[in-house]
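Student: Okay, sequence plus prediction incoming.
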Amino acid sequence: MPKFFICKILFLFVFTQLTAQVQTEIIPPYHIKTVSFVQNSQNVVPIFELGSNFQFQFDDLFGNEANYYYEIVHCDYNWVPSNIPKNEYLQGFDNQRIQNYLNSFNTLQIYSHYNLSFPNQFTQQLKLSGNYILKILNEDRDIVFSRKFILFESVATVPLQIKRARNVSIIEYKQNLDFSVKSASINFQNPLKNVKVSLIQNGDFNTEIKNIKPQYTIGNDLIYKYDTETQFWAGNEYLYFENKDIRIAANNIARVDSSTDIYNCLLHTNNSRANSPYTLFEDINGNFVVKNTNATNNDIEADYAWIYFSLSTPTYRLNNNIYINGMFNNFSLSPEYKMDYNEKKGIYEKAILIKQGFTNFKYVVADSKGNIDNENAIDGNFYQTENEYTVLVYYRENTGRYDRVIGKGTANSLNIIN
């Protein structure tokens, strides 16, 4: 066989292998709920400083104390597993059973609550910054679900400002990120190629902006002052409900039904806010708090309830789908969270099983391929919306073997600049 064809076949094989290796988050099955990363007893966006402590928690509604194992994979900027041997980025072992779990107590919905701490007795340290995939496996070592998390170093600073869009046609609807990258300890080599950034709004990786190169440099400082490339649709404040006392119709809950095996909380019908004036009310940017006011240990004493969502949006009878999402479901666009249209009532409806407490959520329009239509958001886009932004800086030296995350910048649009 001619060398040309051998090389071509080899190239196609390597390309296929590399493409197949891109790690995407595997959505949890129906019985796995309330998956979250926790730091200082709070649910957080999974971006941690290298060497810090954090936990990974989830509930199994089967409540049968099943055995779960975990695996950690280091990835590059594009979430392709890096070529770094595991013993170079992990001190200790993974592929170990999660040993810290408790069964629910005094709840109508039984479940087993699992808590995986980092570091722990098996995994003493994660030694390198970068992107990581945490895989949860069952007894047969099949992947049940997976989640992304990121470790960063503090060797670069990222001054960040949130500004209104510069284009008059969208000045009322978008927010622009204006930032730079500075480091006293790193002399950036070929920054157009070696430096990469990730821009994230409210911890939602579905709307992440990537592959933005420095616009220009001043000495060793990298400057990003783009007009359109670093803009986000501003959206609107998150909606919420509160059922810390699950028996009471509290904030935004119209009625509580206790006639079935577990509680049912029927929310007030939400109306589309796209054509209404912007109204400021405090949210927690899509996050949630597990809380039972009558409990001492919320992890295992907070109960689950069916939450009945309803949405009136006559102008959105389109071919696109409407989803309910937030950090409570990792901003998922899975069928479990897709609303159904009730022809008789003329509204969208959905019932979702959610752990009690305080929960932020929003309605999202997406097509059949999962492409989100933020421009035509159900609740509109308002430049005044309070959003939390994060900029991550990745760097790989000319001789480097992996993508380091060398800095993190954060800013809130409450301080938006005209």
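Tutor: Done, it's in. Residues are numbered from 1 along each chain as shown.

Student: What's the end-to-end length of stretch 56-64?
Tutor: Start-to-end span of stretch 56-64 (C-alpha to C-alpha, to the nearest Å) is 19 Å.

Student: So for that stretch, what gets flagged as buried?
Tutor: Applying a neighbour-count criterion of 16 or more other C-beta atoms under 10 Å, one finds 56-61, 63 buried in stretch 56-64. Any C-beta I mention is one placed from the backbone N, CA and C, and that applies to glycine too.

Student: so Asn321 sits right up against Asn371, yeah?
Tutor: No - contact criterion C-beta atoms under 8 Å: Asn321 and Asn371 do not qualify, at 10.6 Å.

Student: Of those two, give the one with the bigger neighbour count.
Tutor: Per other C-beta atoms under 10 Å, whichever of Asn321 and Asn371 has more neighbours is Asn321, with 18 against 12.

Student: What does the closest residue to that one other than its chain neighbours show for phi and psi?
Tutor: Closest residue to Asn321 in three dimensions, ignoring its sequence neighbours and counting by C-beta to C-beta, 6 or more residues apart in numbering: Lys338, at 5.3 Å. Dihedral pair for Lys338: phi -90, psi 130, per degrees, to the nearest 10.

Student: correct me, but Lys338 touches Asn325?
Tutor: No - using C-beta under 8 Å, Lys338 makes no contact with Asn325, being 10.2 Å away.

Student: Between those two, point out the one with more neighbours.
Tutor: The neighbour count for Lys338 versus Asn325, taken as other C-beta under 10 Å, is higher for Asn325 (21 against 16).

Student: Which positions are bridged to that one in the beta structure?
Tutor: Going by DSSP bridges, Asn325 is paired in beta bridges with Lys362.

Student: wait, what's in contact with the residue most central in space within the chain?
Tutor: The residue lying closest to the centre of the chain (C-alpha atoms, centre = their mean) is Asp204, at 4.3 Å. Contact analysis of Asp204 by C-beta atoms under 8 Å, 6 or more residues apart in numbering lists 286, 331.

Student: contacting residues around stretch 377-384?
Tutor: So stretch 377-384 is in contact with 164-165, 171-175, 233-236, 239, 272-276, 278, 280, 311, 313, 316, 322, 362-365, 374-375, 416, going by C-beta under 8 Å, 6+ apart.

Student: what mean pLDDT would you report for the helix or strand containing Tyr70?
Tutor: Using DSSP states H and E, Tyr70 sits within strand 69-75. Mean per-residue pLDDT for strand 69-75: 97.

Student: Please apply the same query to stretch 266-273.
Tutor: Taken as a whole, stretch 266-273 carries a mean pLDDT of 95.
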